[in-house]
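*Asks:* Any chance you can model this:
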Amino acid sequence: MSSNPYELRFNLLSMAQGYLQDKQEQDKDFAYQAWDLAREDGKANMELWKELQPKSYSIEDIKKKATELYEFVEQK
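*Replies:* Prediction:
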């Protein structure tokens, strides 16, 4: 059974959001590891902490990723 267009859009948006959430988690884990190394080296400061923080994703980012995913669906 195939999805109707609304279900397809919803699923693509959900997949895109999930992808971006996973990427943000990975970036956050990396930031904590880098912060721990900087603390060990005595180079930790607020400026570095701010630089290490992952960028939050926006609705536009979700729509862009969903569009990328949809390109796969369009291919025959």
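
*Asks:* From here on, just use CA atoms for contacts and neighbour counts.
*Replies:* Will do.

*Asks:* Go ahead and flag the most central residue of this structure.
*Replies:* Averaging the C-alpha coordinates of the chain gives a centre point, and the residue nearest to it by Cα atoms, centre = their mean is L20 (2.4 Å).

*Asks:* What pLDDT does the model give that one?
*Replies:* Confidence at L20, expressed as pLDDT, is 98.

*Asks:* shouldn't it be in contact with K63?
*Replies:* No: L20 is beyond contact range of K63, at 10.9 Å (criterion: Cα atoms under 8 Å).

*Asks:* Centre of the chain to the least confident helix or strand in the chain by mean pLDDT, how far?
*Replies:* Between all helices and strands in the chain, the lowest mean by mean pLDDT, DSSP states H and E belongs to helix 59-74, at a mean of 92. Averaging C-alpha coordinates over helix 59-74 and over its chain gives two centres that are 13 Å apart (Cα atoms, centre = their mean, to the nearest Å).

*Asks:* what's that helix packed up against?
*Replies:* Helices and strands in packing contact with helix 59-74 are listed as helix 5-41; criterion 3 or more Cα pairs under 8 Å, 6 or more residues apart in numbering; DSSP states H and E.

*Asks:* what's the following helix or strand after the helix it packs on?
*Replies:* Tracing the chain C-terminally past helix 5-41 and defining elements by DSSP states H and E, one meets helix 46-52 next.

*Asks:* mean confidence for that following helix?
*Replies:* With pLDDT averaged residue by residue, helix 46-52 scores 95.

*Asks:* thinking again about what came up before, list the contacts for the residue nearest to the centre of the chain?
*Replies:* Contact partners of L20, counting by Cα atoms under 8 Å, 6 or more residues apart in numbering, are Y57, I62.

*Asks:* roughly how far apart are it and Y70?
*Replies:* L20 is 16 Å from Y70, where distance means Cα to Cα, to the nearest Å.
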